[in-house]
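Asks: fold the following and give me the result.
(one chain, ligands or ions: 1)
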Amino acid sequence: MNTKEWLAYDARHVWHPYSSMSSPAPVLPVVAAHGVYLELADGSRLIDGMSSWWSALHGYNHPVLNQAIGDQLQKMSHIMFGGLTHEPAVTLAKKLIDISCDNLQHVFFADSGSVAVEVSIKMALQYWFAQGKPEKSRLLTVRNGYYGDTFGAMAVCDPENGMHGMFTGVLPQHIFAEAPASIDSEARDDDGWKAEYIEDVKSKLSQNHRQIAAVIIEPMVQNAGGMRFYYAEYLQQLRQLCDHYNVLLIVDEIATGFGRTGTLFAYQQAGIEPDIMAVGKALTGGYMTLSAVLTSSKVVQGIEADGKGVLMHGPTFMANPLACSVANASIELLLKSPWQNTIQRIETQLKTELAPCRQLKAVKDVRVKGAIGVVELQQPIDSRWSQPRFSKHGVWLRPFGKLVYLMPPFIITEDELTQLTSAIYQVLKEIAFKS
Ligand SMILES: *Cc1c(COP(=O)(O)O)cnc(C)c1O
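Replies: Below is the predicted model:
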């Protein structure tokens, strides 16, 4: 098939995420990707502002990552993990344990972020079940969250902008507290914290803790559910409340993990230790699908309390050796790089260069944290309108709803980042929303 033919076949037969099959939105044909550039079929190149949904930390076609996966390919691409094991998985487990907090000592590998969330939830439920407290079977979470698209994950996503409406009656009913107060774009971190910000989650925990297995939350940043940044104080107090009410704390680091927010994991900014942590997305530097759930000896011993309990999960492609080997190389590459300075530099540049967007009529708020830049609009933006315009400026951005956001690969240069931020400014300047 030539490009025109396969694009036409795509439009008739292939589903894209959250999109219509019968009237598909245009999609761009990508034939290669190098560094921060996506190369299209017509030979043009776009600077990727999305890191392929948070994952491509080191850009595309990285020689070190290519080498790692190539070497592993010569040995074995996959073996089942039941009854067998391999060095890439064990090395990766050790790396994850070494870079996270002391209490996280055990690793379960899964195949995508959503599945890692399912496994995290299952761990918490099995923990209480084995303690003889099966009534502790609900989760508490906050509004504006996003945890993935499988059923267990969907049930804790924001009840309004998530998919609850469609699946009422199918999804388990969990408890939702108000979203953590968003840090004002003008405020410096943790200035402006008010004691009342924790009240809602506190009262919901105090009323319902006997039924609650765990609190699940995205630490410091609410990602796809609104791109909101919140206070470290919130996480600290949440940890104390979980201890007080005997509830486990699950942090979903799938978007925030591996440096994106300025620390290796976002929860580290609050100095807390979660009971369970899910990672995914950037784990393999964006090369392969792989996720992992880390937990503590307390949770393991709890699940196995009667000496028989085992964690009831085991995906076919669990701990895929290709994925583990590229994850090992990606983490090494990250840790060997001056990543703190890199994130700091990107953050400073994003703050400076996105600030002028505040003057635009279409813009409600501009906020930056680590290597994440967010421009929130007054009205939702139609990607059919914005996409060709961003392409004309040579950048790939995929706004959703009212949010134009970017999280570039860490290897981006100053000039390339300027091209992204100025494309945002130029395109948003064209919007003349009625007030
Ligand atoms: C993307 C995401 C998920 C789901 O991961 P998938 O790999 O898409 O299943 C879960 N939680 C958060 C915070 C995410 O950003």
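
Asks: from here on, contacts and neighbour counts on C-alpha atoms
Replies: Noted.

Asks: the closest residue to residue 177 other than its chain neighbours and the ligand, how far apart?
Replies: Spatial nearest neighbour of residue 177, excluding adjacent residues (C-alpha to C-alpha, 6 or more residues apart in numbering): residue 142 at 4.6 Å. Distance of residue 142 to the ligand, computed by C-alpha to the nearest ligand atom, to the nearest Å: 13 Å.

Asks: next: residue 282.
Replies: As judged by C-alpha to the nearest ligand atom, residue 282 and the ligand stand 10 Å apart.

Asks: likewise residue 392?
Replies: 28 Å.

Asks: how about residue 268?
Replies: From residue 268 to the ligand the distance is 16 Å (C-alpha to the nearest ligand atom).

Asks: quick one: low-confidence parts of this protein?
Replies: 186-190, 433-435 (pLDDT under 70).

Asks: just the helices in it please.
Replies: 3-13, 51-54, 63-75, 87-99, 113-130, 151-154, 164-167, 199-208, 232-245, 297-303, 321-336, 339-354, 383-392, 414-430 (DSSP state H).

Asks: columns distance to residue 178 and mean neighbour count on top of these, output as TSV?
Replies: As requested, the helices of the chain are arranged in TSV below (distance: least, C-alpha to C-alpha, whole Å; neighbours: other C-alpha atoms under 10 Å):
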stretch	distance to residue 178	mean neighbour count
helix 3-13	40	13
helix 51-54	26	22
helix 63-75	41	15
helix 87-99	31	17
helix 113-130	21	25
helix 151-154	17	20
helix 164-167	17	12
helix 199-208	6	16
helix 232-245	12	18
helix 297-303	27	17
helix 321-336	35	22
helix 339-354	28	19
helix 383-392	29	16
helix 414-430	31	18
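
Asks: how about these in a markdown table, adding distance to residue 374?
Replies: A markdown table is the format used below for the helices of the chain (distance: least, C-alpha to C-alpha, whole Å):
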| stretch | distance to residue 374 |
| --- | --- |
| helix 3-13 | 31 |
| helix 51-54 | 14 |
| helix 63-75 | 29 |
| helix 87-99 | 28 |
| helix 113-130 | 22 |
| helix 151-154 | 24 |
| helix 164-167 | 26 |
| helix 199-208 | 26 |
| helix 232-245 | 19 |
| helix 297-303 | 36 |
| helix 321-336 | 24 |
| helix 339-354 | 8 |
| helix 383-392 | 16 |
| helix 414-430 | 10 |
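
Asks: among these, which is nearest residue 216?
Replies: Residue 216 lies closest, by C-alpha to C-alpha, to one member of these: helix 113-130, at 8.4 Å.

Asks: what residues does the closest one touch?
Replies: 109-110, 134, 136-137, 147-150, 152-153, 213-214, 248, 250, 252, 254, 276-281, 290-293, 299-300, 302-306, 309, 311, 313 (C-alpha atoms under 8 Å, 6 or more residues apart in numbering).

Asks: for the stretch 151-300 of the chain, which residue gets nearest to the ligand?
Replies: Closest contact between the stretch 151-300 of the chain and the ligand, by C-alpha to the nearest ligand atom, is at residue 255 (4.2 Å).

Asks: okay, now that residue: neighbour count?
Replies: The number of residues packed around residue 255, counting by other C-alpha atoms under 10 Å, is 28.

Asks: repeat that for residue 76.
Replies: When neighbours are counted by other C-alpha under 10 Å, residue 76 comes out with 11.

Asks: and it, what are its phi and psi?
Replies: Here is the backbone geometry of residue 76 (degrees, to the nearest 10): phi -170, psi 140.

Asks: residue contacts, it?
Replies: Per C-alpha under 8 Å, 6+ apart, neighbours of residue 76: 321, 322.

Asks: now do the contacts for the nearest residue to residue 53 once chain neighbours are set aside.
Replies: Sequence neighbours aside, residue 281 is the residue nearest to residue 53 in space, at 7.5 Å (criterion: C-alpha to C-alpha, 6+ apart). Counting by C-alpha under 8 Å, 6+ apart, residue 281 makes contact with 53, 54, 55, 112, 113, 254, 255, 289, 290, 291.

Asks: looking at these, which are in strands?
Replies: residue 291 (DSSP state E).

Asks: ok, so of the contacts of residue 281, who is nearest residue 327?
Replies: So of the contacts of residue 281, ranked by how close each gets to residue 327 (C-alpha to C-alpha), first place is residue 290, at 8.4 Å.
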